[in-house]
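S.K.: Predicted structure and sequence below. I'll ask about it afterward.
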Amino acid sequence: MSIEQDQQQAAVGDHLKRVGASIEELNARIARLAIALGVNLDTPDSVERVIAEAGAKTRAVPPPGVPDRRAARAPHSGPDRRQTHKWVELRGLMVLRYGVERQTIENYGLDATRSLMTAASDHMTREGFKPGADGMDLKHLG
């Protein structure tokens, strides 16, 4: 193997390590947001529902059972706005993670992606999160 090939392989390995670390960080933030919002992400249906509902919550009134107190105070403050921000962030991070996953499959193949995602899932478990807390479904990776 030439020096150039060695350097290229090292660069690819470094990039995959950074992608893996990013996925771990995304998963941890997704899980924390889901916990804060009282959302269960352990099934593909619940993940799809959260993505759809989070998009709707950014344009709609507060969730059922939460009074619309926005009219009584400044429009850009308070707990309702913070909840909306959490929903927007949760949805955005989930969409971002799927984009990273798709791009990793395209650039490095299914085996490398599966390895990264499995390592990220194992890391979440070691950090004390229950399986599925981040909405990651490894079954679709074969």
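M.R.: Cool, got the structure.
S.K.: From now on I want contacts and neighbour counts done on CA atoms only, so please keep to that.
M.R.: Noted.
S.K.: Can you tell me the element the residue nearest the centre of the chain falls in?
M.R.: In the chain, the centroid-proximal residue (CA atoms, centre = their mean) is Met94; its distance is 3.5 Å. If you go by DSSP states H and E, Met94 is part of helix 79-108.
S.K.: Hey, what's the angle from the worst-scoring helix or strand of the chain on mean pLDDT to helix 79-108? Just curious.
M.R.: In the chain, the helix or strand scored least confidently by mean pLDDT, DSSP states H and E is helix 44-57, which has a mean of 78. Angle, helix 44-57 to helix 79-108, by axes from the mean of the first three to the mean of the last three CA atoms, to 10 degrees: 130 degrees.
S.K.: Name the single longest helix found in the protein.
M.R.: Longest helix of the chain, by residue count under DSSP state H: helix 3-37.
S.K.: one step back: excluding residues flanking it in the chain, which one is nearest the residue nearest to the centre of the chain?
M.R.: If the residues on either side of it in the chain are set aside, Met94 comes closest to Ile30, at 7.0 Å by CA to CA, 6 or more residues apart in numbering.
S.K.: Likewise for Ala119?
M.R.: The nearest residue in space to Ala119 (CA to CA, 6+ apart) is Gly20, at 7.8 Å.
S.K.: ok, back up a step: please name the residues that touch the residue nearest to Met94.
M.R.: By CA atoms under 8 Å, 6 or more residues apart in numbering, the contact list for Ile30 reads Leu90, Leu93, Met94, Asp134, Gly135.
S.K.: Model confidence for the fourth one, exactly?
M.R.: According to the per-residue confidence, Asp134 scores 91 in pLDDT.
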